[in-house]
Each structure stands twice: as structure tokens, then as C-alpha cells.
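K.L.:
predicted model and sequence below, questions to follow.
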Amino acid sequence: MMSGKLVLTRTTIGIDVRRHAYVVFIDGKRVGSYELHETYETEVEPGRHSLQVRGGRYSSRKRSFEISDGQTVSFNCSGKRILPLWLASFVIPSLGLKLRRS
């Protein structure tokens, strides 16, 4: 069976106060981690999956994605948030990281 590729980057403009490694979860299972300005790549079975990234006590919201044979799906995750969301992340940790498809 073939697979697709999931690519995660961690780039930001300006200051990213979340300096620790980001841990990658696919379908609720830890599959790896990566640091600021690094890229994480992994093979993923075709189909629908959920993705979440965690860094310390902070996390992104879960994002669903669909992947097919030979396809590459890319996301960027950043800890940089606008001030109201950054402040709210102290109470709601799932607002701490922004995960967006790129």
C-alpha cells in the first residue's frame, strides 16, 4: 500500500515565546517532535486523519486532513498569537499554538 507525506514546519516572523519542542500527534498518537525553524516529515496512510501539535502545556486545536497516495499535505505551526489570544491561552491552553495548512 502506498502512503502520503505530512510535512510540518515551525516558522514565525518576529518573536515566538514558545521555545520548547513541538510534539506531533496524528489520530491521537505521538509520532515525533521538532524545534523552531525545523521541518518534520512523516509517511501517513491514505484517508482522513486528525492532527494536533503540543508544546509544553500549550496545544493547537485538532485539525482534520485527508490525504491520498503520493500526496503531500503541509501545515505550519506557530506560537505567535495576537495579544488577546496569547493572554487567553494562559486559561485555555488549546489557543496557545496556531496550526494552519500551508
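P.N.:
Structure's in. What do you need? Residues are numbered from 1 along each chain as shown.
K.L.:
which other residues reach the helix or strand that contains Glu41?
P.N.:
Assessed by DSSP states H and E, Glu41 sits inside strand 39-44. Residues from elsewhere that reach strand 39-44 (CB atoms under 8 Å, 6 or more residues apart in numbering): 3-10, 24, 26, 31-34, 67, 73. Where you see a C-beta, it was placed from the backbone N, CA and C, and this is true even at glycine.
K.L.:
repeat that for 7 Å
P.N.:
Contact partners of strand 39-44, identified using CB atoms under 7 Å, 6 or more residues apart in numbering, comprise 3-9, 24, 26, 31-32, 34, 67.
K.L.:
would you format the residues you listed as TSV with pLDDT included?
P.N.:
Formatted as TSV, these follow (pLDDT from 0 to 100):
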residue	pLDDT
Ser3	92
Gly4	96
Lys5	97
Leu6	98
Val7	98
Leu8	97
Thr9	94
Val24	98
Ile26	98
Val31	97
Gly32	97
Tyr34	93
Ile67	97
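K.L.:
where does the protein dip in pLDDT?
P.N.:
1, 12-19, 80-81 (pLDDT under 70).
K.L.:
picking that back up, parallel or antiparallel, list what pairs with the strand holding Glu41.
P.N.:
Here strand 39-44 has these sheet partners by DSSP bridges: strand 4-9 (antiparallel).
K.L.:
specify the beta-bridge partners of Arg48.
P.N.:
Beta-bridge partners, per DSSP bridges, of Arg48: Glu66.
K.L.:
let's have the chain start at 51 instead
P.N.:
In the new numbering, first residue 51, that becomes Arg98.
K.L.:
what's the separation between the spatially closest residue to Leu58 that is not a sequence neighbour and Pro134?
P.N.:
Distance criterion CB to CB, 6 or more residues apart in numbering; nearest residue to Leu58, sequence neighbours excluded, is Tyr90 at 4.4 Å. Tyr90 is 29 Å from Pro134, where distance means CB to CB, to the nearest Å.
K.L.:
thanks a lot, catch you later.
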